[in-house]
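Colleague: Fold the following and give me the result.
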Amino acid sequence: MVRLSDKRKAAYHEQGFAILSSILDDGELEKQRVTFDRLFTPPGDGGKPLYFDLTGDDPDADLNPSSVPQLLHPSRHVPDLPESQAWQAALDIAEQLLDMGPHAREDLVMRDHMIVKPPGATGSTPWHQDEAYWDEGTQYQDLSVWFALQDTTEEMGCMQFIPGSHRQGILPHHSWKHDPKIIALEVDEGATDLSSAVSCPLTAGGATIHSSATLHHTSGNCSDVPRRALIFTVGTPPTKRKETRDFYWNRRERDYKKEYLDTES
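Modeller: As a prediction, the model looks like this:
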């Protein structure tokens, strides 16, 4: 079991993120890297790949050096992923940091995804809060555990956070480049001060933990090796909020897609 010190727990609750040194062993790392590379290999028959470009305006288009390839729910393609050391470590961490209330470990809601930044990739992931993507009428208590499957430096696109931003509420966002065709969101310019950003380089098997309300970002990968990240978002069962929020940026995207689909049909 991964056990967090009181100091580490306090850092997470105060800053909205925390860093863990290597917690995955060499065998687990090698297994996850092999799985990762298999899932991000284009189909040999020319079919549609499992992954898409988070920051592109056409997720079905061929990837390019500015792309940010992402794969949602790899566990659908890797049946034994829930039994992996990484998955179980994420559950361990969540049990110690979330207010579990009446809930047990088996009640926790798990979402998994993978992001790769190939060697020399210029694609960055814009500053955002994860919860900005989610339902505005739902109350969440979630965190993400971001595992580095290789040593990950700032040059390679390690995680960066704004300390204490999880206490600001969900800030205004917009579609990246103000293009509703792009999936990625970016926090509005001037909505908060980004000058306090903290970079979090990791050794292979290390992890960052962050709240779903913590602002974070990663740069491109200027190195000559792939930057592979295996991410688990874990939370207690969501509930309905007494007062809904106005995530107008998501409504704009939905309206655009509806208009686009109606036009296409």
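
Colleague: My guess is residue 17 contacts residue 163. True?
Modeller: Yes. Contact criterion C-beta atoms under 8 Å: residue 17 and residue 163 qualify, at 7.5 Å. C-beta: built from backbone N, CA, C; applies to glycine.

Colleague: so where do the strands sit in the stretch 101-250 of the chain?
Modeller: Along the stretch 101-250 of the chain, counting by DSSP state E, counting those that start in this stretch, strands occupy 109-117, 125-128, 138-139, 142-148, 159-161, 173-175, 185-187, 198-200, 207-211, 216-218, 227-235, 239-240.

Colleague: Give the residue spans of the stretch 51-200 of the chain that score low on pLDDT.
Modeller: 59-61 (pLDDT under 70).

Colleague: Start from the N-terminal end of it and give the helices.
Modeller: Here the stretch 51-200 of the chain has its helices, by DSSP state H, counting those that start in this stretch, at 85-97.

Colleague: Now do the buried residues in stretch 27-42.
Modeller: Within stretch 27-42, the residues scored as buried using 16 or more other C-beta atoms under 10 Å are 28-29, 31-33, 35-36, 39-40.

Colleague: What of stretch 101-112?
Modeller: Buried residues in stretch 101-112 (16+ other C-beta under 10 Å): 103, 108, 110, 112.

Colleague: And the second one, how far from residue 189?
Modeller: The reference is to residue 108. Between residue 108 and residue 189 the distance is 35 Å, computed by C-beta to C-beta, to the nearest Å.

Colleague: cool, the last one as well?
Modeller: Shown here: residue 112 relative to residue 189, a distance of 31 Å by C-beta to C-beta.

Colleague: If anything else comes up later, I'll come back, but that's it for now.
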